[in-house]
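coords below, sequence missing:
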C-alpha cells in the first residue's frame, strides 16, 4: 500500500488499494471466523 504512495505519490491509487486490503482483512479475519464460531451455514 505504501509502495504506490512512495513511488507515484498518487492518493487516488493508494486509497482504493488500502480500502480493498482492509475489506479483505475484515472478511477473512473477522467475518469468516465469526461464521465458523456460530456454526456456519452447513452446521460445521
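Alright, I've got the coordinates. Quick caveat: nothing in here was measured; it's all calculated off a predicted structure. Numbers count the residues shown, from 1 in each chain.

buried stuff in stretch 24-43?
By 16 or more other CB atoms under 10 Å, stretch 24-43 has no buried positions at all. C-beta: built from backbone N, CA, C; applies to glycine.

how far out from the middle of the chain is it?
14 Å (CA atoms, centre = their mean, to the nearest Å).

sec struct for the residue minimising distance to the centre of the chain, please.
Geometric centre of the chain, nearest residue: residue 24, 2.2 Å, by CA atoms, centre = their mean. The three-state assignment at residue 24 reads helix, by DSSP: H, G, I helix; E, B strand; the rest coil.

what's the distance between it and residue 18?
According to CB to CB, to the nearest Å, residue 24 stands 11 Å off from residue 18.

now do residue 35
25 Å.

can you check residue 26 too?
13 Å.

now the helices for this structure?
Assigned by DSSP state H, the chain shows helices spanning 2-8, 11-26, 32-37.

let me have these in TSV, extended by mean pLDDT.
Formatted as TSV, the helices of the chain follow (pLDDT from 0 to 100):
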stretch	mean pLDDT
helix 2-8	66
helix 11-26	87
helix 32-37	83
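
return the backbone torsion pair for residue 38.
When read as degrees, to the nearest 10, the backbone of residue 38 gives phi -90, psi 0.

tally of neighbours for residue 14?
Neighbours of residue 14 under the rule other CB atoms under 10 Å: 17.

so it versus residue 31, what's the distance?
On the measure of CB to CB, residue 14 and residue 31 end up 25 Å apart.

same deal with residue 10?
30 Å.

same thing with residue 13?
Taking CB to CB, one finds residue 13 at 26 Å from residue 31.

same question for residue 22.
Counting by CB to CB, the gap from residue 22 to residue 31 is 13 Å.

residue 25 too?
For residue 25, the distance to residue 31 - CB to CB - is 10 Å.

same check, this time on residue 16
Distance of residue 16 to residue 31, computed by CB to CB: 21 Å.

what's the answer for residue 18, then?
19 Å.
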